[in-house]
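Enquirer: For reference, the sequence and a predicted model appear below.
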Amino acid sequence: MKKFKYLLALLFTCFLISCDDMDNLDSDDNGNSGSIELATEEIYVLSEGLFNLNNSTLSRYTVAEGGLVTDYFRKINRRGLGDTANDMAVYGSKLYVVVNVSGQVEVIDMQSGKSVRQIPLQSENGSSRQPRFIAFHKNKAYVCSFDGTVARIDTTSLAIDAYTKVGRNPDGICVQNDKLYISNSGGLDSPNYDNTVSVIDIASFSEIKKIPVGKNPGKIAADKYGNVYAVVRGDLTKNESRFVRINAQTDAIEASIEEQVLSFDINHDTDLAYLYSYDYNQKTSGIKVYNMQTNQLEKTNFITDGTQIHTPYGIFVNPYSGNIYITDAYDYKVTGDVLCFNPQGQLQFRISNVGINPNALIFRDKRSNSLLDDEEQPASAAFAKVLEYFPAPSQFMNTSATAYKEGFTASQVLSYAAEQIQKRSLLTLGGFGGYIVLGFDHTVPNRPDAYDFKIYGNANFNADASGAEPGIVLVSKDVNGNGLPDDAWYELAGSEYHSEKVIKNYVITYYRPASLLADVKWTDNQGNTGVILRNSYHADNSYYPAWIQENELTFRGTKLPDNATQEGANWLLRPFAWGYADNHPNNSEYSQFNIEWAVDENGRAVQLSGIDFVKIYSAMNQVCGWLGETSTEVSAVEGLHVDTGE
């Protein structure tokens, strides 16, 4: 999941395969400083997030001020981009963002940052076509998807007007000589990869040829001389990649170099291509410079000042300055950085903590007119801090999604969780019982017959498919006035509260595995046993919290009935009617809550004049195949009444 872009072929062996500023030589106490970049007004950074966590982000860096706005899209549009955004490009006045798992293209007005439209790319049964990359030609956008199709989008109507078939799991697209070139990876069928580049005549929008290039082709791009360059990745575990040039007049391979390469970008002014590689066996990376005129490597080590790139995740040439930008994903679990080098391979500055798994950059020589920097959240939206955070075992354990960095203690996790929530970053609660407690900075009043507060999660709905992972919500008032959540808690009785399928007083115990990379076993008070099953997407982290000393973790609460059904390879997680966190999309009325729903432990209605604390816990114990366990996610809780008193 985390390595979705460049570990594609490797991970798909099993399935598919802010310090907020730039760091420079003259830095402040936080290691940040202004930029020395020229002729560039803004830099946009797309980060795919963690697969299946619905936490892709788009951040914006303004060069003159040296300021990074993390999760820029969410701050303007009050919602997230979706799950696993893979690519973005500007055409005309709009930015197009391809969101793979969510199955859509997000269209954004560049000047305001506001969403113009979401274009769904879904199959007939409502599942995502898994769009990957986008290219443009004469008022049309072309999007290749893993289901073996290319969609044609009219950029005026912003509607799909046609599809055409290509090879298996296309993983790159470009335009040259009035033709589309699509690399067919076959990554979903690893090790039985595809080995072709499809050629589509744009006029007829039909495939006219398949060019054999070698197994598992990926990134593909056009130069200014009528050629197309493609990475042939092969089996990533065997380091058998190469770089090929296709003549777009003859559609034949006319040059090839046997060099390790995962991706590249071209400086069209200097005819140099910058290639990067990553050895997944040795955990080492390299950046090379290829001369497109001589078909020779000009440099085998681009970086000349000793700067280390831990895990390169993207490489981009700034067309306005010629500087080369490399994104670093580190261990795929924490927020990554963007590093800028001059053409001589010397580090110029670093943009830190841009997002999880940064995979695409856009450079602009114009300034947007977003009102973001002038906007303020209403006082009612604020809460003082995260008072408790205790996620249950899950596939996202020991990542930034559980507020963890290597070596963190429990108090550090709690502090980082508060920081993440303040930034509206998603936190996962893990398997059944995992919870978070939030404290408002004022008493949220109970207004009769009105919603009183809202919980932001990541429920992601595609057509009739859904991604509801419901959590139960409790509220408390600070009766003793000590600022601590030590008064009585009351459950908000949601739509399933009286259901016979609900199990009240449910108790589950998780056990630390003997091996860090083994399944986490559990038992419950209903006589059941099971595991938090490991999957290929999150194969390199322990599913048991590393900062906890205890070998057993016990959680108690109400277990909601299973909500998942399987349709073919897809899992559909249906929402309950109302009253649960992460159960409906954030733009739905049903992501809001009424204090009047509060009941005591005996189910009797409780009249509260207001609340000071909210507790949310994962209320499902189900495993959905390759999706893994059902886990409630939370990014923010905000009051809905303007005043701050009762």
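Expert: Now that the structure is in, tell me what you want to look at.

Enquirer: And the strands in the stretch 301-450 of the chain?
Expert: For the stretch 301-450 of the chain, applying DSSP state E, counting those that start in this stretch gives strands covering 312-317, 324-328, 335-341, 347-356, 358-364, 383-390, 427-428, 435-445.

Enquirer: pull the CA atoms of the first one into PDB?
Expert: Once non-C-alpha atoms are left out, strand 312-317 reads as follows in PDB (Å, rounded to 0.1, in the frame of the first residue of the first chain):
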ATOM      1  CA  PRO A 312      13.500   8.400  -4.000                       C
ATOM      2  CA  TYR A 313       9.800   8.500  -4.900                       C
ATOM      3  CA  GLY A 314       9.800  10.900  -7.800                       C
ATOM      4  CA  ILE A 315      12.100  13.100  -9.900                       C
ATOM      5  CA  PHE A 316      11.100  16.300 -11.600                       C
ATOM      6  CA  VAL A 317      12.800  19.100 -13.600                       C
END
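
Enquirer: Tell me the helices and strands packed up against that strand.
Expert: On a contact count with 3 or more C-beta pairs under 8 Å, 6 or more residues apart in numbering; DSSP states H and E, strand 312-317 meets strand 263-267, strand 272-279, strand 284-291, strand 324-328, strand 358-364. Glycine gets a C-beta too; all of them are placed from N, C-alpha and C.

Enquirer: Over to the third one?
Expert: Here strand 335-341 touches strand 42-47, strand 324-328, strand 347-356, strand 358-364, going by 3+ C-beta pairs under 8 Å, 6+ apart.

Enquirer: Redo these as CSV? Include mean pLDDT.
Expert: What follows is the helices and strands packed on strand 335-341, written out as CSV (pLDDT from 0 to 100):
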stretch, mean pLDDT
strand 42-47, 97
strand 324-328, 97
strand 347-356, 93
strand 358-364, 97
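
Enquirer: hmm, who's touching the top helix by length along the chain?
Expert: Selection of the longest helix in the chain by residue count, based on DSSP state H, yields helix 410-422. Residues outside helix 410-422 that contact it (C-beta atoms under 8 Å, 6 or more residues apart in numbering): 383, 385-386, 388-389, 400, 402-405, 408, 426-427, 436, 438, 547-548, 634-636.

Enquirer: Generate a PyMOL selection restricted to the buried entries among those residues.
Expert: Buried members of the contacts of helix 410-422, defined by 16 or more other C-beta atoms under 10 Å, are picked up in PyMOL with:
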select buried, resi 383+385+386+389+400+402+403+404+405+408+426+427+436+438+547+634+635+636
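
Enquirer: Low-confidence ranges, the stretch 451-600 of the chain, go.
Expert: 461-466, 568-569 (pLDDT under 70).

Enquirer: Where do the strands of it begin and end?
Expert: Per DSSP E, counting those that start in this stretch, the stretch 451-600 of the chain carries strands over the ranges 453-456, 471-476, 490-492, 503-511, 520-524, 529-532, 552-559, 564-567, 570-573, 592-593, 598-599.

Enquirer: Looking at those strands, spot the one closest to Asn295.
Expert: Asn295 lies closest, by C-beta to C-beta, to one member of those: strand 570-573, at 44.9 Å.

Enquirer: Just the CA coordinates for that closest one, please, in CSV.
Expert: Extracted in CSV, the C-alpha atoms of strand 570-573 (Å, rounded to 0.1, in the frame of the first residue of the first chain):
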residue,chain,number,x,y,z
ASN,A,570,-14.3,-6.0,-4.4
TRP,A,571,-15.4,-5.6,-0.8
LEU,A,572,-18.3,-3.3,-0.1
LEU,A,573,-18.6,-1.8,3.4
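
Enquirer: Report the beta-bridge partners for Val150.
Expert: According to DSSP bridges, the partner residues bridging Val150 are Cys144, Thr164.

Enquirer: give me the number of residues near it?
Expert: Val150 has 23 neighbouring residues, counting by other C-beta atoms under 10 Å.

Enquirer: For it, give me its contacts.
Expert: 142-144, 163-164, 166, 170, 173, 180, 182, 200.

Enquirer: do Arg367 as well
Expert: Counting by C-beta under 8 Å, 6+ apart, Arg367 has contacts 41-42, 62.

Enquirer: got the phi/psi numbers for it?
Expert: Backbone torsions for Arg367, taken as degrees, to the nearest 10, come to phi -100, psi 130.

Enquirer: Noted, bye for now.
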